[in-house]
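> Model the structure of this input:
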Amino acid sequence: MAALMGTALAAAAQTPPPAPPGAQGNTILVLGDSLSAEYGLKRGTGWVPLLEKQLATEKKAARVVNASISGDTTSGGLSRLPALLTQHQPAVVVIELGANDALRGLPLDMTEKNLSAMTQASKKAGAKVLLVGMQVPPNYGGAYATTFSGLFSKVAKAEKVALVPFFLKGIADAADPVANFQADRIHPNEQSQARMLANVWPELKKLIK
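The predicted structure is shown next:
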């Protein structure tokens, strides 16, 4: 399954590109981990750069800031978020964090609190929020896996924000999932990035002016 197993915290936050015409005040901030930080991929081939191309194709005047860091947890994201909100004043915040919490065995109640706090802080700053849900492999145990995947829908419902139920739908749960991952069998390969975007885009486009 995807994410971020014990990778070094290699900062992949990108310098924001120049805003396209009309995009001022319509920034999309992606706060994620290695799944969004192009871990193991050629630069420009991850789902976030593909999102920029999608926006241009659909003539959506929006700027994308990728503040994703490989290995990041919800605690790390929560600590970084205030400065990012102040600096970029995003219209939309995409929160793609949580998988590392599970892979490291961190308390799930803490993960839930962190997701809620990030959502609340983003809303308070005037941004719309999209939570990106994740799942853990079956070997974590049925009860644990159910509780973890349910965190995202629970927070989204309580905070009344948009949700992508499972970021790696059609990738990690495919008939032959190995073909969708890099050699580490943890991070999706380049061919899977378009599917990742396809999982996010239907909900994200509803939040963009």
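
> Point out where the protein drops to low pLDDT.
Residues of the chain meeting the criterion pLDDT under 70: 1-25.

> how about the strands in it?
Under the criterion DSSP state E, strands of the chain are mapped to 27-32, 63-66, 92-96, 128-132, 162-164.

> what's the shortest one in contact with?
Judged by Cβ atoms under 8 Å, 6 or more residues apart in numbering, the contacts made with strand 162-164 from elsewhere in the structure are 128-133, 152-153, 156, 199-200, 203-204, 206-207. In this view, the C-beta of every residue, glycine as well, is placed from N, C-alpha and C.

> just the buried members of the residues you listed?
By neighbour count, with 16 or more other Cβ atoms under 10 Å, these hold 128-133, 152, 156, 199-200, 203-204, 207 as buried.

> Now render these as TSV, adding distance to Gln182.
Formatted as TSV, these follow (distance: Cβ to Cβ, whole Å):
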residue	distance to Gln182
Lys128	32
Val129	29
Leu130	25
Leu131	25
Val132	20
Gly133	22
Phe152	24
Ala156	29
Asn199	18
Val200	20
Glu203	26
Leu204	25
Leu207	30
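
> Out of these, which comes closest to Asn100?
Comparing the buried ones among the contacts of strand 162-164 against Asn100 with Cβ to Cβ places Val132 closest, at 13.3 Å.

> pretty sure the closest one is touching Glu96, no?
Yes: shown here, Val132 and Glu96 form a contact pair, counting by Cβ atoms under 8 Å, at 4.0 Å.

> Name the residues contacting each of those two.
With Cβ under 8 Å, 6+ apart, Val132 and Glu96 have common neighbours 32, 167.

> now the strands of the chain in JSON lines, with distance to Thr86?
JSON lines is the format used below for the strands of the chain (distance: least, Cβ to Cβ, whole Å):
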{"stretch": "strand 27-32", "distance to Thr86": "11"}
{"stretch": "strand 63-66", "distance to Thr86": "13"}
{"stretch": "strand 92-96", "distance to Thr86": "13"}
{"stretch": "strand 128-132", "distance to Thr86": "17"}
{"stretch": "strand 162-164", "distance to Thr86": "23"}
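
> out of these, nearest to Asp72?
Asp72 lies closest, by Cβ to Cβ, to one member of the strands of the chain: strand 27-32, at 7.3 Å.

> Convert that closest one to CSV, retaining C-alpha atoms only.
Once non-C-alpha atoms are left out, strand 27-32 reads as follows in CSV (Å, rounded to 0.1, in the frame of the first residue of the first chain):
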residue,chain,number,x,y,z
THR,A,27,-4.2,29.0,-4.5
ILE,A,28,-4.5,25.3,-3.9
LEU,A,29,-2.2,24.1,-1.1
VAL,A,30,-1.3,20.4,-1.1
LEU,A,31,-0.1,19.3,2.3
GLY,A,32,1.0,15.7,1.9
